[in-house]
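J.: Here is a sequence with its predicted model. Questions after.
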Amino acid sequence: MPHILIVDDEKNYCTVMSRLLQGHGYQTSTATNPFAALEQLTLYNIQLILSDLKMPLMNGMDFLHQVQRDHSGIPFIIITAHATVETALEAIKAGAFDYLLKPFDNQKLLLTISKALDYAKLRDQNKLLRQQLERSHSRELLGESPAIRQLLSDIERVGPEKSSVLIAGESGTGKELVARSMHRTSPRSSEALVSLNCAAFAEQLLESELFGHERGAFTGATERKRGLFELADGGTLFLDEIGELPLALQPKLLRVLQEKRFRRVGATNERECDVRILAATNRPLEQLIRSGRFREDLYYRLNVVSLEVPPLRQRREDIPLLATFFLQRFAQEMGRPLTNIAANAMAALQAYDWPGNVRELENAIERAVIFSNGDSLQLPNLPAPISSVHVAESACPDIPFLEGSLPEKLDALEKQLIHQALRDAQGIQAQAAERLGISRSNLQYKLRKYKLI
């Protein structure tokens, strides 16, 4: 239930308004002056303010400015019997969502409240979506290999469920893309998908990111902050590198999973939340459990369903598709005329082992596009570790295909090498043996074996 704060110096008016809103499913608090209202804002998770304009000690406009400064983001609606065009315009410019006159129609008030709450929710979600799009560069989970086809099939089956999912895989394999795909296939797809890298924050800051904090909760907490559990309410929260979650925070996350409740840092009251948790790890959590660095009960709460993202070296057949996708994207972004990848460059991409997986491939193609000229990405444009692997492999001569069983093929190859060594040594057996790295007597044995003498 959204929590609405009603501020008016007439106590009876506050009571009547509170009953009206509670009758339509809202939670309410009241204050008869702005100073008491500001105190309420530090105690409760207020999601909207209805305020009178003319009040003693502090008027509604000054109260609005104070809220905008210390509690920005809370929708503010002014209701007054003393209205002018000038004050209405001033209120809107100062950040008020709307301005209503007393007496007002109840349905109009309820509609305005509903619009204000929807606006605040959409604003917060859009902010998160913009941040996610900037990080993701609109990437997709691409591939036609059996491993990726199986993963996509598992995502379609697991995505619509409510269960927590643990996504395992090496760094750079695309675990966040798996989380996005599951969110898109779930009933929560119209709500926010919020992502957090657990290794990117110190313990105190990580707790604040997850659960939010109250003003003054710690040094630097100059205003109240909503945490990711609040922002993801009704949607999905993706926790990357969950194995890096500090041990002190693990019981708090476990409690949210069990009871769907949490508490802001510095707060005394709890808040409910409806969030699906998707977690990812590039480290075996079982080893962390044995070393006492990860709670076993949290592991089983997170690992209701597990998915494994294969490394790129195990699905080399997907490399041409991924490389071409990145080439097209970066060529468009940089205004380059590149349309294809040269055959030897593609062979190099497929020969390399990609310890950094898809992320390393993406970076390699971006770098190659920067250094490319013309309409084709060439082998020298690739980073040296990739192009040198191909050069080293291409320097090895191809062994001709020979008919027969493996022993027969080995004998034929050995006979061919001995014949070549004798020819190079102009028939001198001692020099031929030295070239082959065997003794002269061993060479003579093999010459008789293969009937070369």
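T.: Yep, that arrived. Numbers count the residues shown, from 1 in each chain.
J.: Could you list the low-confidence segments of the protein?
T.: Within the chain, the segments meeting pLDDT under 70 span 83, 125-140, 390-410, 426, 453.
J.: And it, what are its domain boundaries?
T.: Per automatic domain parsing, the domain ranges recorded for the chain read 3-121, 146-310, 313-394, 406-449.
J.: What is the end-to-end distance of the longest one?
T.: Same thing as domain 146-310. Distance across domain 146-310, first residue to last, is 10 Å (C-alpha to C-alpha, to the nearest Å).
J.: ok so, going back, can you put the domains of the chain in CSV and add mean neighbour count?
T.: Any C-beta I mention is one placed from the backbone N, CA and C, and that applies to glycine too. CSV is the format used below for the domains of the chain (neighbours: other C-beta atoms under 10 Å):
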stretch, mean neighbour count
domain 3-121, 17
domain 146-310, 18
domain 313-394, 17
domain 406-449, 14
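J.: Identify all contacting residues around the helix or strand where Q328 lies.
T.: Element membership of Q328, judged by DSSP states H and E, is helix 319-334. The contact list for helix 319-334 (C-beta atoms under 8 Å, 6 or more residues apart in numbering) reads 137-138, 140, 142-144, 312, 336-341, 346, 349-350, 358, 361-362, 365-366, 369-370, 377.
J.: moving C-terminal of that helix, what's the next helix or strand?
T.: strand 340-341.
J.: From the contact counts, what lies against that next one?
T.: Strand 340-341 sits against helix 319-334, strand 376-377, with contacts defined as 3 or more C-beta pairs under 8 Å, 6 or more residues apart in numbering; DSSP states H and E.
J.: Out of these, which is closest to I167?
T.: Nearest to I167 among those is helix 319-334; the distance by C-beta to C-beta comes to 18.9 Å.
J.: how would you label A280: helix, strand or coil?
T.: strand (DSSP: H, G, I helix; E, B strand; the rest coil).
J.: beta partners of it?
T.: Bridge pairing for A280 (DSSP bridges) gives the partners I167.
J.: now it: how far from L210?
T.: As judged by C-beta to C-beta, to the nearest Å, A280 and L210 stand 16 Å apart.
J.: ditto for I289
T.: Distance of I289 to L210, given as C-beta to C-beta: 21 Å.
J.: same check, this time on P284
T.: Distance, P284 to L210, using C-beta to C-beta: 24 Å.
J.: same thing with L257?
T.: 12 Å.
J.: what about the helices in the stretch 351-453 of the chain?
T.: With DSSP state H, counting those that start in this stretch as the criterion, the stretch 351-453 of the chain has helices at 357-370, 384-394, 406-424, 429-436, 440-449.
J.: For V305, which non-adjacent residue is closest in space?
T.: Distances taken as C-beta to C-beta, 6 or more residues apart in numbering put V165 closest to V305, at 4.7 Å, once the chain neighbours are dropped.
J.: Could you do I289 as well?
T.: Closest residue to I289 apart from its sequence neighbours, by C-beta to C-beta, 6+ apart: E296 at 5.1 Å.
J.: for the one you found, phi and psi?
T.: Note on E296: its backbone torsions stand at phi -70, psi -40 [degrees, to the nearest 10].
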